[in-house]
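1. just coords:
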Ligand SMILES: Cc1cc2nc3c(=O)[nH]c(=O)nc-3n(C[C@H](O)[C@H](O)[C@H](O)COP(=O)(O)O)c2cc1C
């Protein structure tokens with residue numbers, strides 16, 4: 001299965017998580033890592049499984065790099081009904097009122113355009129001592145294992 005990992009970052013942590021996922025899974029899957037800045041919704045392909053990684057900035061906002069992608073979905077009323085995706089958010093519980101709302105908004109936008117979310121949104125809290133990839137890698141492996149079980153059941 002082809003996996004396209006798309007990251008939206010401010011300070012680079014989400015990009016680092018995307019690259020760590022690529023390293024951890026590329027022996028089993030064909031993986032492509034892309035900055036959300038460089039893709040348009042029209043390019044999303046039903047042949048790939050998408051993994052979005054997004055941090056939160058401002059007051060519960062998606063990173064600025066997601067702006068054009070979000071605007072294109074809204075302006076073109078994109079139909080993403082062929083797209084299956086999982087999403088992992090990076091945030092900080094220090095921002096308790098808006099914790100991880102960037103990834104929540106991105107998930108809602110994709111679902112609103114018809115895409116299907118697989119698994120629960122993964123969440124990283126930067127106020128802990130955890131490394132984000134230590135949360136993200138098992139999270140994605142679990143989702144992929146569930147998907148392959150479902151495929152076997154048919
Ligand atoms: C200016 C600024 C605003 C932020 N606002 C939020 C927020 O509203 N909610 C949240 O959960 N995290 C917030 N964060 C925390 C970041 O999302 C978190 O540090 C994340 O790991 C950064 O990932 P990145 O390097 O990929 O951008 C904010 C961080 C900064 C620097």
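-> Thanks, I have the structure now. Please read all numbers here as calculations on a predicted model, not as lab measurements.
2. mind checking which helix or strand the most centrally placed residue in the chain is in?
-> Per C-alpha atoms, centre = their mean, the C-alpha nearest to the average position across the chain is that of residue 52, at 1.4 Å. Taking DSSP states H and E as the criterion, the element that holds residue 52 is strand 48-55.
3. now that strand: mean pLDDT?
-> Averaging pLDDT along strand 48-55 gives 98.
4. can you point out the buried residues in the helix or strand following that strand?
-> Next along the chain after strand 48-55, taking DSSP H and E as the criterion, comes helix 67-76. The neighbour-count criterion (16 or more other C-beta atoms under 10 Å) identifies 69, 70, 73 as the buried residues of helix 67-76. Where C-beta positions appear, they are placed from N, C-alpha and C, glycine not excepted.
5. for stretch 117-129, same thing?
-> 117, 118, 119, 121, 122, 123, 124, 125, 126.
6. what's residue 124 in contact with, if anything?
-> Going by C-beta atoms under 8 Å, 6 or more residues apart in numbering, residue 124 touches 17, 88, 89, 90, 91, 130, 132, 135, 136.
7. are we agreed that the third one is in a helix?
-> No: under the criterion used here (DSSP: H, G, I helix; E, B strand; the rest coil), residue 89 is strand, not part of a helix.
8. now do residue 136 against residue 103, distance only.
-> Taking C-beta to C-beta, to the nearest Å as the measure, residue 136 falls 12 Å from residue 103.
9. what's the overlap in contacts for those two?
-> residue 88.
10. neighbours of the residue of the chain at minimum distance from the ligand, just the number please.
-> Residue nearest to the ligand within the chain (C-beta to the nearest ligand atom): residue 91, separated by 2.4 Å. Number of residues near residue 91 (other C-beta atoms under 10 Å) recorded here: 23.
11. list the contacts for the closest residue to it other than its chain neighbours?
-> Closest residue to residue 91 apart from its sequence neighbours, by C-beta to C-beta, 6 or more residues apart in numbering: residue 100 at 3.5 Å. Counting by C-beta under 8 Å, 6+ apart, residue 100 touches 56, 89, 90, 91, 121, 123, 125.
12. one more: residue 3?
-> So residue 3 contacts 25, 29, 30, 31, 32, 48, 49, 50, 51 (C-beta under 8 Å, 6+ apart).
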